[in-house]
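Undergrad: how does the following fold in three dimensions:
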Amino acid sequence: MIERRNFLKLAGSTGAVVLAMARRVFAADQGEAPRHTKPSNGPIPRRTLGKTGERVSIVGIGGHHLGRALVEESESIRIVRTALDSGANFLDNSWDYNDGESEIRVGKALRDGYRDKTFLMTKIDGRDKASAAKQINDSLRRLQTDRIDLMQFHEVIRMNDPDRIFASGGAIEAVIDAKKAGKLRYIGFTGNKSPQIHLHMLRTADSHGFTFDTVQMPLNVMDAHFDSFEYLVLPVLVQRDIGVLGMKAMGDGNFLRSGVLTPIECLHYSMNLPTSVVITGCDSIRILEQALDAARTFRPMEDTARDALLAKTETIAASGGFELYKTSQTFDSTSTHPEWLG
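TA: Here you go, the predicted model:
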């Protein structure tokens, strides 16, 4: 168990320490793309998912966009299969995405042998054992599989979420039971609200003798300036060899609307951190190819290039106005539907 003083020591790490950690990860894992490969046909690099030892693509396909009403089901299936055929293997999803439609579409996409190409992740909202168990079984049915590779507690965005999950009769019991039954392999959690809530979740797990396999959080160039997961949580995860899942690389498009960043800059910044995978939403083949090319062309960034990105976003990012998932309830689906929590 990590004592509180060690958490505070790690949480005080600077950006230089994070960069040093990233360099160690790249050197040990050789996660960068091979030299002299063309973006159109080069391999998708893979990294190790923390202590699990699993190899996952440095870009993952977000599940929410795949179930949106404006995206045809056939297009969603095409996006998933094109990604898998191209060498990306990490699929993100959630029990609540688009009222289950995202999982249903991915389940259809994984027929005909595609399940074997996939590291499949989904999330549940339930905070008590009964609701969590039901959601796990719902996800298995929709995804048309008997085993999910990674199950995560979704939207750990309130200070009492960790206590509810680890309480007697809490959701952790359902997830552990499901793992014992072979319904899932690894366990993690995700949230986009506050680094302090993530640290509380890790401490709460420690107090119950439990260690997560993965943690998912916003890791992007804007986050570096405001209530930063990169500076407060990422060093803890690297220290403990917990798989790091980066999300919100473009802030659901908000960062691009700032006019100072390109999609490739956003993705490369997040890939430059010691992330196992950077999850990005793709609602068309064009956007998917953009993400795949970002993975193929990624090289560890020079300090000057990283500093330049941070410099041109410092002023606009300082108030958190572009990170609405931190500063508003815009992205908080369980705030709109508290009944999903159980």
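
Undergrad: tell me the secondary structure of Ile44, please.
TA: Under DSSP: H, G, I helix; E, B strand; the rest coil, Ile44 falls in the coil class.

Undergrad: for the residue lying closest to it once chain neighbours are set aside, report the pLDDT, please.
TA: Leaving aside its sequence neighbours, Ile44 sits nearest to Gly87 (CB to CB, 6 or more residues apart in numbering; 3.6 Å). Quick note: C-beta positions are derived from backbone N, CA and C, even for glycine. On pLDDT, Gly87 comes in at 97.

Undergrad: which residues does Gly87 contact?
TA: Pro43, Ile44, Ser57 (CB atoms under 8 Å, 6 or more residues apart in numbering).

Undergrad: and it, backbone torsions?
TA: Dihedral pair for Gly87: phi 110, psi -10, per degrees, to the nearest 10.

Undergrad: quick one: it from Gly182, how far?
TA: Distance from Gly87 to Gly182, counting by CB to CB, to the nearest Å: 28 Å.

Undergrad: kindly report the same for Tyr269.
TA: From Tyr269 to Gly182 the distance is 38 Å (CB to CB).

Undergrad: now do the contacts for Arg105.
TA: Leu66, Gly67, Glu73, Ser76, Ile77, Val80.

Undergrad: could you redo the last one with a cut-off of 10 Å?
TA: If you count contacts by CB atoms under 10 Å, 6 or more residues apart in numbering, Arg105 has them with 63, 66-67, 71-77, 79-80, 93, 97-98, 142-143.

Undergrad: where does it fall, phi/psi-wise?
TA: Per degrees, to the nearest 10, the backbone of Arg105 is at phi -70, psi -40.

Undergrad: isn't Arg185 up against Asp146?
TA: No: Arg185 lies out of contact with Asp146 (CB atoms under 10 Å); the separation is 11.7 Å.

Undergrad: ok, those two, which is more surrounded?
TA: Set Arg185 next to Asp146 and count neighbours by other CB atoms under 10 Å: Arg185 wins out with 16 against 9.

Undergrad: quick check: the more buried one is in a helix.
TA: No: Arg185: not assigned to a helix; according to three-state DSSP it is strand.

Undergrad: who touches it in this structure?
TA: Counting by CB under 10 Å, 6+ apart, Arg185 touches Thr52, Glu54, Phe119, Leu120, Arg147, Ile148, Asp149, Leu150, Met151, Lys179, Asp213.

Undergrad: with Gly251 instead?
TA: Counting by CB under 10 Å, 6+ apart, Gly251 makes contact with 218, 220-223, 257-258, 261, 266, 317, 322-326, 331.

Undergrad: repeat that with 7 Å
TA: Asn220, Met222, Phe322, Glu323 (CB atoms under 7 Å, 6 or more residues apart in numbering).

Undergrad: counting neighbours, what do you get for the closest residue in space to the second one that isn't next to it in sequence?
TA: Beyond its immediate neighbours in the sequence, the residue positioned closest to Met222 (CB to CB, 6+ apart) is Ala317, lying 4.2 Å away. The burial count assigned to Ala317 is 24, neighbours taken as other CB under 10 Å.

Undergrad: so what's Ala317 up against?
TA: Met222, His225, Phe226.

Undergrad: and the strands in the stretch 1-150 of the chain, which stretches?
TA: Per DSSP state E, counting those that start in this stretch, the stretch 1-150 of the chain carries strands over the ranges 46-48, 55-57, 59-62, 90-91, 119-124, 148-153.

Undergrad: reformat the ones you listed as a markdown table; add mean pLDDT and mean neighbour count.
TA: Shown next, in a markdown table, are those (pLDDT from 0 to 100; neighbours: other CB atoms under 10 Å):
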| stretch | mean pLDDT | mean neighbour count |
| --- | --- | --- |
| strand 46-48 | 98 | 22 |
| strand 55-57 | 98 | 22 |
| strand 59-62 | 98 | 27 |
| strand 90-91 | 98 | 28 |
| strand 119-124 | 98 | 26 |
| strand 148-153 | 98 | 26 |
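
Undergrad: brilliant, that's me finished.
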